[in-house]
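Chemist: Just a sequence and a predicted model for now, questions to come.
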2 protein chains.
Amino acid sequence: MSEELGMTVKKSEKFMDWYYEVLQKAEVVDIRFKAKGFDVYLPTAMRTIREMERLFAEELDSTGHLPVMFPIIIPESNLKTEEEHIKGFAREVFWITHAGANKLEERYALRPTSETAMYPLYSLWLRSHLQLPMKFYQSGRVWRYETKMTRPLLRPREFRWFETHCAFKTNEDAIAQVEQDMEIFKKIVTDNFCLPFLLIKRTEWDKFPGAEETYAFETVLPDGKILQIGTTHNLGQKFAKVFDVKYLDSDGKKKYVYQTCYGPGISRMLGAMITIHGDDKGLIIPPAVAAVQVVIIPIYTGNTKADVMKKAGELLGSLAEKDFRVDLDDREQYTPGFKFHEWELKGVPIRIEIGPKDMEKGCVSVVRRDFRERISVPEDKLEEQLLEIMDSINSQLLKRANELMKIQDAKDYPELKKKLNEGGFVRVEFCMEEKCADKLKEDTGAEVRGTLFEQSTKAKGKCVICGKKAKEVAYVGVSY
Amino acid sequence: MSEELGMTVKKSEKFMDWYYEVLQKAEVVDIRFKAKGFDVYLPTAMRTIREMERLFAEELDSTGHLPVMFPIIIPESNLKTEEEHIKGFAREVFWITHAGANKLEERYALRPTSETAMYPLYSLWLRSHLQLPMKFYQSGRVWRYETKMTRPLLRPREFRWFETHCAFKTNEDAIAQVEQDMEIFKKIVTDNFCLPFLLIKRTEWDKFPGAEETYAFETVLPDGKILQIGTTHNLGQKFAKVFDVKYLDSDGKKKYVYQTCYGPGISRMLGAMITIHGDDKGLIIPPAVAAVQVVIIPIYTGNTKADVMKKAGELLGSLAEKDFRVDLDDREQYTPGFKFHEWELKGVPIRIEIGPKDMEKGCVSVVRRDFRERISVPEDKLEEQLLEIMDSINSQLLKRANELMKIQDAKDYPELKKKLNEGGFVRVEFCMEEKCADKLKEDTGAEVRGTLFEQSTKAKGKCVICGKKAKEVAYVGVSY
């Protein structure tokens, strides 16, 4: 094993140092591109992202969303059409002003999000109520001029995401879409990426610019901080009215649509998976999105090489046939020990070792990445055992992630401050006034994230911050 | 059938009008985005592109290329490092100068291509000869400020492509990579997209800025014009020297690498497929990249509906199981006639009609999109027949495309001018002087595209333009 390959920092001791080390050594992201907040995604990231995006695309296809691709630029006049929207994004937008030696007649923004790019076209496309619901999605990148300290994947200036933009006849349809967005998140992000989340309804002062309601999917990282990994917005009719998105209804009247948009953040979810699931040996990639789910490592000496390699090749073929994503590491310049460490570092969920002793017994050695536990499996039970182990890794990762997803209650301000120090969400009764949230932020760095989408528990007592009558039960935490 | 659905322009009469009509009606591209040369890709485009890109990614993966993703911006100082490169691209680059209200300290270019983004990192990554060859690829978009008239997909300002960037020990390795790039092109673009091409070596004055040699993959569109659908470049050591990309060789010496880069143009290839394969009824998508290869259309009356729908559902399931990309059009608001036209317009290669009469005979009706020929197929022969028909459509599309790929010889300037009017390539003896190419361009609008990569036939006679001694056999044509 090379000195360079092994991790040197312990996750539990210096979390952020561990993160930067694993990003580099596991070939996830290179942060040395010469523009702040713009990172280079390396093969481990791209291969995992390919699986993540495939799951989202399949799910969106099967729920009636159609794929489109809009330009990455938005003419300034489009971006300015919705007043709150431009106010919200004005400080975050990169501007293209020149082309070649020419000054452009109109500036183009690098899109920070695509509402104002897409809805002028929706206005041209939509004619009749028969076209509703109209549901489109695109996968790609957006850019925001982040002025806080940037962090690769977690808080970059360029990030990958999916965005869906849907139009409906009624507000009820729009709310049902928000519920579907949540179901999709649960199915993909929790069940496959092993990331739990709360769906938090943002406060009035913290909504997406132009939205009626904003809901954020939020998870908790190992340092106790909260990371928003997606959002969904009920846009109501605001954008429809400024972009003239209407349809001829069956009663012969022209009506504005109700709109929603949904943005699962691929970069941030990858960052969440890396930080939450990884350990002192490197990454642990959930089986559902691991580009390589099973790696076969042949173990031989000069004498046994031919037989072992033949057997390893057969295993590779038979597992690939059964739709495992499997790789055979037949590199001759590295020792098995080096290979073990490298594949552990890159987070491959299962390693199979095959050598002469295993072959004599008709078995292979199977090592799972999470517990690093080794078992001997008879060849005829291998497929069944691998499926079981993958399921078990999946449950185990989710279980650990759920343990980080701390939600505590606090009855007064001192208790709130104390529990904020322990990380995760703290649940409090709250007056829902912005100035109270500002005070909290100033005192503690923590933010009122909002209330829960699913069950809005009415508050009975007093606001933990100002002591006036509380309106809602709010979730508070320190965020990325 | 709705008036709006059917095509009104004949391809053979008004080619460009036909192109714009089919782009709109088959939901390929919407050209009404408010920025010249930036188009919106609609579901038909995106679904086809997904299949196209899957084929490229699989092939690049299997030939040792690793996926990466670089930022879409390039700091100005990077772009300027290689002198010829910036000279070549200076007039084509979009510049980001501001973020929010701030002027950036350094301007960022929207990447027109990624050499100067990537190679500074290559310099950091590459240490030892053991890492060579080093082969990376990314799929994404690039932007060029096209000043000629823009055309959707064919000559836009924003386009999708793949790019590979490889580094080698020797120039021979680099040349072998150019050959592999050509093999990959043949396997994917000719065998699956049904597009023939010539691999043309560009003249000295028409090379990629910074390259030692530039090779272009070129096909011929139905109007006789030539479209470059990809390029591959032997960069030699020019970029390696300015970006300091070197390695420690086994002899203990530090050496610069030899580099190649390869850019299959996804947008342009989609444009080529649409224009070359389409007909007066709409698109014809080659089976290998059709998102829907087979569409099932149930034909019933009130009485027979339940039985027909049951059978149609069974067919759907059994074909999907056999890995056909199949769809069942069960929309109730449209007649079968309307559906036939719509799926023909969108280019689905095969339509299956199933009705009570077919069911009595244990058959289905199968209609192929290219000849629009209908046959009755017994259910137990269906899989076999569909595979045969898909193969036959594939051959047929390639055959038609080959007929457009006209290559004629001309012995003198009048004959050259006459044959240029007939479209395609004209092969002539040529002095290889830029001023002769300029004269040709001025006289006819045609360009010297270059010489052939595979067989460089030496010229024996005189340059058809100036009459001086010819150096090479060159290919001439009018291009997009």
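Modeler: Yep, it's here.
Chemist: rest of the way, CA atoms for contacts and neighbours
Modeler: Noted.
Chemist: How about the residues of the stretch 51-200 of chain A by chain B?
Modeler: Contact residues (Cα under 8 Å from any Cα of the partner chain) of the stretch 51-200 of chain A with chain B: A:66-71, A:75, A:90-101, A:117, A:121, A:145, A:158.
Chemist: if you set the cut-off to 7 Å instead, what comes out?
Modeler: Residues of the stretch 51-200 of chain A lying near chain B by Cα under 7 Å from any Cα of the partner chain: A:66-71, A:75, A:90-101, A:145.
Chemist: Just the ones of those residues in helices?
Modeler: Nothing among those maps onto helices, per DSSP state H.
Chemist: List buried residues within those residues.
Modeler: Neighbour-count burial (16 or more other Cα atoms under 10 Å in any protein chain shown) applied to those gives A:66-71, A:75, A:90-100, A:145.
Chemist: Correct me if wrong: A:L416 contacts A:E422.
Modeler: No: using Cα atoms under 7 Å, A:L416 is not in contact with A:E422; the gap is 10.1 Å.
Chemist: I'd like the next helix or strand past the strand or helix carrying A:M309.
Modeler: Element membership of A:M309, judged by DSSP states H and E, is helix A:305-321. Proceeding N to C from helix A:305-321, the next assigned helix or strand is strand A:326-328, under DSSP H and E.
Chemist: Any residue of that next one touching chain B?
Modeler: No: residues of strand A:326-328 contacting chain B under Cα under 7 Å from any Cα: none, with a closest distance of 12.2 Å.
Chemist: Give me the helices and strands touching that strand, please.
Modeler: In terms of contacts (3 or more Cα pairs under 7 Å, 6 or more residues apart in numbering or on different chains; DSSP states H and E), strand A:326-328 is packed against strand A:294-298, helix A:305-321.
Chemist: Okay, buried residues for the next helix or strand after it please.
Modeler: Heading C-terminal from strand A:326-328, the first helix or strand you meet, by DSSP H and E, is helix A:336-345. Within helix A:336-345, the residues scored as buried using 16+ other Cα under 10 Å are A:P336, A:K339, A:F340, A:H341, A:E342, A:W343, A:E344, A:L345.
Chemist: following helix A:336-345, which helix or strand comes up?
Modeler: That would be, after helix A:336-345 and using DSSP H and E, strand A:350-354.
Chemist: Among the buried ones among the residues of the stretch 51-200 of chain A next to chain B, which ones are in strands?
Modeler: Members of those lying in strands (criterion: DSSP state E): A:L66, A:P67, A:P75, A:F94, A:W95, A:I96, A:T97, A:H98, A:A99.
Chemist: so which two of those are the farthest from each other?
Modeler: Across these, the longest distance by Cα to Cα is 33.7 Å; it joins A:L66 and A:H98.
Chemist: returning to what we had before: A:L416 and A:E422: which is more packed in?
Modeler: Counted by other Cα atoms under 10 Å in any protein chain shown, A:L416 and A:E422 do not tie: A:L416 has more neighbours, with 22 against 14.
Chemist: Which of the three states applies to the more buried one?
Modeler: With DSSP: H, G, I helix; E, B strand; the rest coil as the basis, A:L416 sits in helix.
Chemist: Now for the residue of the stretch 251-400 of chain A found nearest chain B, how many residues are close by?
Modeler: Residue nearest to chain B within the stretch 251-400 of chain A (Cα to the nearest Cα): A:Q333, separated by 9.5 Å. A count of nearby residues for A:Q333, using other Cα under 10 Å, gives 8.
Chemist: how far away is the closest residue to A:G100 other than its chain neighbours from A:K103?
Modeler: Spatial nearest neighbour of A:G100, excluding adjacent residues (Cα to Cα, 6 or more residues apart in numbering or on different chains): B:R91 at 4.0 Å. As for B:R91, its distance to A:K103 is 12 Å (criterion: Cα to Cα, to the nearest Å).
Chemist: just how off-centre is the least confident helix or strand in chain A by mean pLDDT within its chain?
Modeler: Using mean pLDDT, DSSP states H and E, the weakest-scoring helix or strand in chain A turns out to be helix A:83-89, at a mean of 89. For helix A:83-89, the separation from the chain centroid amounts to 25 Å (computed by Cα atoms, centre = their mean, to the nearest Å).
Chemist: And for it, what's in contact with it?
Modeler: A:L79, A:K80, A:P209, A:G210 (Cα atoms under 7 Å, 6 or more residues apart in numbering or on different chains).
Chemist: try 8 Å
Modeler: With contacts defined as Cα atoms under 8 Å, 6 or more residues apart in numbering or on different chains, helix A:83-89 is touched by A:L79, A:K80, A:P112, A:F208, A:P209, A:G210.
Chemist: need the residues you listed in a markdown table with neighbour count and secondary structure, can you?
Modeler: Listed next are the contacts of helix A:83-89 as a markdown table, based on neighbours: other Cα atoms under 10 Å in any protein chain shown; DSSP: H, G, I helix; E, B strand; the rest coil:
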| residue | neighbour count | secondary structure |
| --- | --- | --- |
| A:L79 | 23 | helix |
| A:K80 | 16 | coil |
| A:P112 | 23 | coil |
| A:F208 | 22 | coil |
| A:P209 | 19 | coil |
| A:G210 | 22 | coil |
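Chemist: Out of the residues you listed, which two sit at the greatest distance?
Modeler: Farthest pair in the contacts of helix A:83-89 (Cα to Cα) is A:K80 and A:F208. Separation: 15.2 Å.
Chemist: which SS state does A:G37 fall under?
Modeler: Going by three-state DSSP: A:G37 is coil.
Chemist: What distance do you get for it to B:P120?
Modeler: Going from A:G37 to B:P120 by Cα to Cα gives 17 Å.
Chemist: Show me which of the two is the more surrounded one.
Modeler: Neighbour totals were compared for A:G37 and B:P120, and A:G37 leads with 24 against 20 (other Cα under 10 Å).
Chemist: my read: the more buried one touches A:F159, true?
Modeler: No: the pair A:G37 and A:F159 does not pass the contact test of Cα atoms under 8 Å, sitting 9.4 Å apart.
Chemist: residue contacts, A:M52?
Modeler: By Cα under 8 Å, 6+ apart, the contact set of A:M52 is A:I266, A:V289.
Chemist: do that again at 7 Å, thanks
Modeler: By Cα under 7 Å, 6+ apart, A:M52 lies in contact with A:V289.
Chemist: Checking my notes, it in a strand, right?
Modeler: No: using three-state DSSP, the secondary structure at A:M52 is helix, not a strand.
Chemist: any idea how far it lies from A:A211?
Modeler: Here A:M52 is placed at a distance of 27 Å from A:A211 (Cα to Cα).
Chemist: same check, this time on A:E344
Modeler: Distance, A:E344 to A:A211, using Cα to Cα: 44 Å.
Chemist: residues touching the residue in the stretch 151-300 of chain A that chain B sits nearest to, list them.
Modeler: Of all residues in the stretch 151-300 of chain A, A:E158 sits closest to chain B, at 7.4 Å by Cα to the nearest Cα. Residues in contact with A:E158 (Cα under 7 Å, 6+ apart) are A:G37, A:F38, A:R141, A:V142, A:W143, A:R144.
Chemist: ok, so of these, who is nearest B:L195?
Modeler: Among the contacts of A:E158, A:R141 lies closest to B:L195 (Cα to Cα), at 30.6 Å.
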